[in-house]
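Chemist: What shape does this take:
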Amino acid sequence: MLLIVDDDSLLREALLDFLTLKGHTVHQAANGKEAIDWFKGRETFPGLIFLDLIMPVLDGWGFLLERRQNPAIEIIPVVVMSGSLGIADRAKAAGAVHVMRKPFGTEELLPVIERFLVAA
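Modeler: Okay, here's the model as predicted:
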């Protein structure tokens, strides 16, 4: 199971469609707060989170901070998706396992999933 957290609904839908076709169960959230709320009361968790950094309500940086407060979420690998330059070191220091530079193609996506997806 994957969770995509991004305020760009077109990107979320494209990733959802592609990844579903590849056999993944995909959930989505439009911002960090929606993602944190999505976790409440759940018994199963995604094995990988794709996270945008620049979003309204609660951005990706805020999500990474909130994630540290919840041991069940903190262990889930996070792949940051960003068009910003020079953020890889900061993102990894904040808890991301990998940074993908937007825009990226599907040929870049599948190896990242293969590498970081953990069984939940």
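Chemist: separation between F39 and R90?
Modeler: Distance from F39 to R90, counting by Cβ to Cβ, to the nearest Å: 24 Å. All C-beta atoms are positioned from the backbone trio N, CA, C, and that covers glycine.
Chemist: right, I mislabeled it, should have said V78
Modeler: In terms of Cβ to Cβ, V78 sits 13 Å off from R90.
Chemist: isn't I36 right up against E66?
Modeler: Yes - I36 sits in contact with E66 when judged by Cβ atoms under 8 Å, with a separation of 5.3 Å.
Chemist: Which secondary structure element is home to the closest residue to F39 other than its chain neighbours?
Modeler: Closest residue to F39 apart from its sequence neighbours, by Cβ to Cβ, 6 or more residues apart in numbering: I73 at 5.7 Å. In the assignment (DSSP states H and E), I73 maps to helix 71-74.
Chemist: I'd like the next helix or strand past that helix.
Modeler: strand 78-82.
Chemist: contact partners of that next one?
Modeler: Identification of contacts with strand 78-82 by Cβ atoms under 8 Å, 6 or more residues apart in numbering yields 6, 48-54, 60, 64, 67, 87, 91, 95-102, 104, 112, 116.
Chemist: Flag every buried residue along that strand.
Modeler: V78, V79, V80, M81, S82 (16 or more other Cβ atoms under 10 Å).
Chemist: Common neighbours of I36 and E66, please.
Modeler: In contact with both I36 and E66: L58, using Cβ under 8 Å, 6+ apart.
Chemist: how about the helices of the chain, start to end?
Modeler: 9-21, 32-39, 60-67, 71-74, 88-93, 106-116 (DSSP state H).
Chemist: Include mean neighbour count, distance to M1 and mean pLDDT when you put the ones you listed into a markdown table, please.
Modeler: Listed next are the helices of the chain as a markdown table, based on neighbours: other Cβ atoms under 10 Å; distance: least, Cβ to Cβ, whole Å; pLDDT from 0 to 100:
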| stretch | mean neighbour count | distance to M1 | mean pLDDT |
| --- | --- | --- | --- |
| helix 9-21 | 14 | 10 | 96 |
| helix 32-39 | 19 | 12 | 97 |
| helix 60-67 | 20 | 17 | 97 |
| helix 71-74 | 13 | 13 | 92 |
| helix 88-93 | 14 | 22 | 96 |
| helix 106-116 | 13 | 11 | 93 |
